[in-house]
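>>> give me a model of this one.
(5 chains, ligands or ions: 4)
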Amino acid sequence: LSPADKATASDLPVLRAAVLKIGTVNWELDTIKRNGFDTANGFELSVVPYADNGATRVALEGGEADVAVADWIWVARQRAAGKDYVFIPYSKAVGGLVVPKDSTATTLEDLRGQKIGIAGGPVDKSWLILQAFAQKEYGFDLAAETEQVFGAPPLIFKAGLSGETAGSINFWHFLAKMKAAGMRELISVETAAIALGLNPDIPLLGYVLKESYLQEHPEMAKALYGASRAAKDLLASDDAAWEPLRPDMNAKTDAAFETLRQDFRAGIPAPGNIDVDGAATFFTLMVSLGGEKLVGGVKELPAGLFADLE
Amino acid sequence: MISVDIKTKNYGQTRVLKDVSFELQRGQCLAVLGKSGIGKSTLLRLVAGIDHDFEGTVRRPEAMAIVFQEPTLLLWRRAIDNLLIIHPQLSEAAARDMLAKVGLGDKADMYPKQLSLGQQRRLSLARAFAGHPELLILDEPFVSLDEATAADMIALTQTLMRELTPATLFVTHEKEEARQLADRTLELAGSPATVVPDCKITEFRREEAS
Amino acid sequence: MISVDIKTKNYGQTRVLKDVSFELQRGQCLAVLGKSGIGKSTLLRLVAGIDHDFEGTVRRPEAMAIVFQEPTLLLWRRAIDNLLIIHPQLSEAAARDMLAKVGLGDKADMYPKQLSLGQQRRLSLARAFAGHPELLILDEPFVSLDEATAADMIALTQTLMRELTPATLFVTHEKEEARQLADRTLELAGSPATVVPDCKITEFRREEAS
Amino acid sequence: MATPIIRAISLMALLCVWFLLAAIGGDPTVLPSPAALVEPFWQELVSGELVYHLTMTVARVIAAFFTALAAGIVLGFLMGTRPKLDKWLDPWLVVFLNLPALVLIVLCYLWIGLNDIAAVTAVALNKIPGVATIIREGARALDPELKSMATVFRVRPFTYLRHFVVPQLAPFIAGASRSGIAVIWKVVLVVEFLGRSNGIGFQIHLYFQLFDVAMVLVYSLSFIALMLSIEWLLLQPVEKRVQAWRLA
Amino acid sequence: MATPIIRAISLMALLCVWFLLAAIGGDPTVLPSPAALVEPFWQELVSGELVYHLTMTVARVIAAFFTALAAGIVLGFLMGTRPKLDKWLDPWLVVFLNLPALVLIVLCYLWIGLNDIAAVTAVALNKIPGVATIIREGARALDPELKSMATVFRVRPFTYLRHFVVPQLAPFIAGASRSGIAVIWKVVLVVEFLGRSNGIGFQIHLYFQLFDVAMVLVYSLSFIALMLSIEWLLLQPVEKRVQAWRLA
Ligand SMILES: Nc1ncnc2c1ncn2[C@@H]1O[C@H](COP(=O)(O)OP(=O)(O)OP(=O)(O)O)[C@@H](O)[C@H]1O
Ligand SMILES: Nc1ncnc2c1ncn2[C@@H]1O[C@H](COP(=O)(O)OP(=O)(O)OP(=O)(O)O)[C@@H](O)[C@H]1O
Ligand SMILES: [Mg+2]
Ligand SMILES: [Mg+2]
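Ligands and ions are numbered 1, 2, ... in the order given. Just a heads-up that it's a prediction; the model follows:
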């Protein structure tokens, strides 16, 4: 920073972001800071890394951070429970189900009676969507007719590679690694979502802020969104922008690095506000699939969930 | 100076002591006699204020010293520290001196378990003698000692009694010991044990004088 | 039947015993005398095979029984169980009988801490007598007992010695006790302690006979 | 006052403190008041979820507890009574004592597979060194006089263990079991969220991810309630019998 | 054989077992051989990362350890010597003993804030009941005869604690500290990954997420190495002095 920048920086409101240190969102935040997209949008970004998703949420709730990353279904649940969380889209990247290289399975039905490893728990969104898809497409009760093994993402990763599980649903950067290691995607959640009549362009992941914070800093939603967009545009178009991120991406090979970059780019949502109707459809499906456990008491998308970005 | 009036002492359902009362002035020494298991140690514990679970009253001075029937030492502290911890006002020289008096001059830096039982008992005696008790309670203090050592200890006790003039209460099975040390004896008998009526506090000195 | 030949026994740097040797046949009883802290208990521990850290040899039978200087009871088991656990072949009736013999007939169901010290010692005696020892080791077994009880215990010991004819080794400070029970005496003296030469194993019976 | 009454009042007091804290906090999503748990609890009970997950967890806790306790007692006793063995094994003990639960759990899952054998093994391996450490201290403090007595009277090894050693170790065993079962249940929670598909730990982690504190508490407290009843119906009566001689 | 030599051989043996397991496993991503850790270790050491995170963790462990030990010993002693107090507090003890670490940690973070005070409080609260449980057993086993002796000789309370109580509780304190410090460090790991941005726990969890087992082991073993040196340079010499009377 030049001395002039410093002077202005200290006057700017600070946005403290609690993020998973190894999360992909770091790539974006890193790019924002590196290129001064934060100060350009009138705030100063301060990133506090944590080792666990739960920790970032505790940080947001406990007032140690102003923004964290979550999916909007989680946010909807919190909002319904009385929290004043609002959502700004970040990524539409979703996962899929992968099978070992030499697996003979061609459809979900072929997994009947076998083990599926799932990283996100029983209310993992990908898992729910795939269940609905199997039901609709083949009249096949995926949950009842397979055995599920829920576990930590690295363990699901390993169990998938070793063939202990016949299929795996994992977080997307693990999926990228699994694919890089030769596993094959049996079906992507995107395909399933389209088949279910959902809008696949609805970003699931996003930044979560508190309304109370936005009241104090009314411009912040748009400012953050602006900075995020600027970083995305850069990352989407400029391969060179990735070079400084590479050490933190934990990509051992060039191939893995490529996959990660591709998948990240594929996950960049279209600019602008979220399609609320599409989200409502999506949410209704989630309510019917995940039930109380996933969404708490709510049946409908709570109003005011999505921040206005335009 | 000390006055004891015990109506009853029970252990659970069993009554052990009944109507035991006596008084004892400074400088006086009372020997408690009675067969094994009659209640002598129990009586001493009541007098010492260790056991409050009885009917009756006991008046006792503050400054007391006791020799239990078993040595009851701090096994994790050296012999000399066993004196110094209990008597913080005692100088180390005085403590060593006291150890020498009971014949443990060369054992000051040993742990109790490195002493023979007789030596442990003498350490326990030294501990009782090292303070300035107004009431001295001794529960069979001279057993496990050979004749010569026992005689030494008795002489030491007599010296101490002369110098510090505590009221002394002691249990023994040896009539001879009682005669040497005590002014009077109190014999317990019966079930529940009580003071034997005919010899209620026999007074030796007077006996001897008569 | 038992033969003891101890060259030296050290505790750390300190030599405690030196050149103690004797033999003992079944039915014989040897009294060990010596002043407090001389090394009597140490000798007994060597003979009993508790302590192997010495120079010399000891030949002893398998079946032994011991009365330590302190009662050494299982405080968490009732009096009767303290016999039955050590002697699994003993019937409960026989155990109660043995308790009655040492005057604890009514204390069978008490925990050791509920007994007076004299009673605990008698329990420890009963434990030693309840088996069929070929070697009986007693370390001051009759202290803390009144005269009458002590006499009973001595009589009991004599009966036992007559019936089971163990080799007996016992420590005492009372010459009178030694005279009543022992065939011979062995006196320890000196530093390091060794057998007093002039009275090396005095033989009472013979003495008396002469 | 009778013990059950004291217990009831004492728990009531705890409940009051909680009510107070919840009222002061004022944020039911952070700390819901006890009253707010009744409904979710009922719901989970009726649906059978609670009983199902509790059963799974309890089964794991029991399996791991007895394995860890048995192995830990044997190991601790041997190390406490044999200084030579102790010297050799002590470095291993320190290493395993301080190996993070995560490392052991992950290695077990990776080697044995994502199954209950791995889970229970991981938990037991986690706790054995802790039990051994405590028991070792107890074994070092065993009375040498009683040992001598046993030697002279040729007491059989089993009798010696049962009537000489165990009663002397009883306070150490009691301490190690109580604090041990608590640690085990906490490790079971971790094991369950890392690689099992049921159990209280699985549920707690799920609801923690959803930030549903009420449910987290419902599941936590169910196990605690179970532990309280075990404590009162089993542990304390047994302990009372074992320790009777002290109070007699 | 001299103790240091035995220790070295013993640790070597452990290393050999590890080499063997790694060779048998044959998958360095699951269990890398010890040799494979040298480079990452060196790298973390040179970069200063290792020292930084280790310092943070050790500071938290020390703070929580002394808090938990002091409070636990006092509480355990009071409960062990006062049966009435024990009856009243026992239900609380069982509840807090079995409260999942996660619940306490999250509540502390939410109430006190995401800072080190909350972290240390959470860890200490987690361990106090465990220490108290073990010490309570020790306090119950205190020799009543020594207590009587102290009463008659009017031994001052502080002297009584120092020379009568502490030496009798020593084996319990030793056991509780050793197993306690291990549990505390494990809870610190959880505390760190749930809400701190540094420390071994943070790093371990991070590298676990990345499935970098080598790094997880590097960080775990650094702490273990530290514990081994504390054990050998501090704990065992102290223990030897305290227990000298047993071996004399
Ligand atoms: N805690 C207890 N519970 C039940 N009975 C007990 C308890 N303590 C002692 N007794 C009984 O009380 C009686 C008196 O015991 P006490 O120790 O006073 O005897 P004593 O006269 O000192 O005997 P000794 O000369 O053998 O030491 C004994 O019969 C003993 O069994
Ligand atoms: N573990 C030990 N370390 C050092 N010295 C010891 C140890 N045990 C005993 N001694 C010493 O050895 C000597 C003999 O002890 P022992 O117990 O054999 O005496 P004793 O003849 O039985 O005496 P008493 O009649 O008093 O019981 C004593 O002077 C004692 O201080
Ligand atoms: Mg008595
Ligand atoms: Mg002796």
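>>> number of nearby residues for residue 31?
No chain in the question, so chain A it is. Look at A:Thr31: counted by other C-beta atoms under 10 Å in any protein chain shown, it has 22 neighbours. All C-beta atoms are positioned from the backbone trio N, CA, C, and that covers glycine.
>>> my question was about chain B
26.
>>> just confirm it is within a strand.
Yes. B:Ala31 forms part of a strand when assessed by DSSP: H, G, I helix; E, B strand; the rest coil.
>>> what bridges to it?
B:Ala31 has the following beta-bridge partners by DSSP bridges: B:Phe170, B:Thr185.
>>> any idea how far it lies from E:Leu114?
74 Å (C-beta to C-beta, to the nearest Å).
>>> now the strands for chain A?
Here chain A has its strands, by DSSP state E, at A:14-20, A:44-50, A:67-71, A:85-91, A:96-99, A:115-118, A:147-150, A:167-169, A:184-188, A:205-210.
>>> nearest to E:Leu221, of these?
Nearest to E:Leu221 among these is strand A:44-50 (23.4 Å), distances taken as C-beta to C-beta.
>>> which helix runs longest in chain B?
Determined from DSSP state H, the single longest helix within chain B is helix B:147-164.
>>> most neighbours per residue, which of the strands of chain A?
Of all these, strand A:167-169 has the most neighbours on average by mean count of other C-beta atoms under 10 Å in any protein chain shown, namely a mean of 27.
>>> which strands and helices lie in contact with that strand?
Where contact means 3 or more C-beta pairs under 8 Å, 6 or more residues apart in numbering or on different chains; DSSP states H and E, strand A:167-169 is packed against strand A:96-99, strand A:115-118, helix A:125-138, helix A:153-162.
>>> E:Phe77: which of those is closest?
Here helix A:153-162 is closest among the helices and strands packed on strand A:167-169 (C-beta to C-beta), at 43.3 Å.
>>> near chain D at all, the closest one?
Yes. Using C-beta under 8 Å from any C-beta of the partner chain, we find that helix A:153-162 touches chain D at A:154-155, A:158-159.
>>> report the central residue of the chain.
Unless you meant another one, I'm taking chain A. With distances taken as C-alpha atoms, centre = their mean, A:Leu205 lies nearest the centre of chain A, 3.8 Å away.
>>> I was after chain B.
The centroid of chain B falls nearest to B:Leu138 when counting by C-alpha atoms, centre = their mean (0.8 Å).
>>> can you give me the end-to-end distance of stretch A:37-44?
Stretch A:37-44 has an end-to-end distance of 9 Å (criterion: C-alpha to C-alpha, to the nearest Å).
>>> for that stretch, list every residue counted as buried.
Neighbour-count burial for stretch A:37-44 flags A:37-39, A:41-44 (criterion: 16 or more other C-beta atoms under 10 Å in any protein chain shown).
>>> from the residues you listed, pick the one nearest ligand 1.
Among these, A:Glu44 lies closest to ligand 1 (C-beta to the nearest ligand atom), at 76.1 Å.
>>> what parts of chain A come near chain D?
Counting by C-beta under 8 Å from any C-beta, chain A sits next to chain D at A:53-54, A:57, A:61, A:74, A:77-78, A:81-83, A:117, A:121-123, A:148-152, A:154-155, A:158-159, A:164-165, A:293-294, A:296.
>>> including mean pLDDT and distance to E:Leu142, could the helices and strands packed on strand A:167-169 go into CSV?
Converted to CSV, these look like this (pLDDT from 0 to 100; distance: least, C-beta to C-beta, whole Å):
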stretch, mean pLDDT, distance to E:Leu142
strand A:96-99, 91, 63
strand A:115-118, 91, 54
helix A:125-138, 88, 57
helix A:153-162, 86, 48
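>>> deepest in the core, which of these is it.
It is strand A:96-99: most buried of the helices and strands packed on strand A:167-169 by mean count of other C-beta under 10 Å, with a mean of 25.
>>> partner strands of that one, with direction?
Sheet pairing of strand A:96-99 (DSSP bridges) gives strand A:167-169 (antiparallel), strand A:184-188 (antiparallel).
>>> want to try a markdown table for those, with mean pLDDT as columns?
Converted to a markdown table, those look like this (pLDDT from 0 to 100):
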| stretch | mean pLDDT |
| --- | --- |
| strand A:167-169 | 92 |
| strand A:184-188 | 90 |
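>>> what ranges do the strands span in chain D?
Counting by DSSP E, chain D contains no strands.
>>> now, the most widely separated pair of the residues of helix A:153-162 next to chain D?
Pairwise distances across the residues of helix A:153-162 next to chain D peak at 9.6 Å for A:Pro154 and A:Ala159 (criterion: C-beta to C-beta).
>>> quick one, what contacts D:Thr3?
E:Lys87 (C-beta atoms under 8 Å, 6 or more residues apart in numbering or on different chains).
>>> outline the domain layout of chain B.
Annotated domains of chain B cover B:9-63+B:132-210, B:72-131 [automatic domain parsing].
>>> of those domains, flag the one that's most buried.
domain B:72-131 (a mean of 20).
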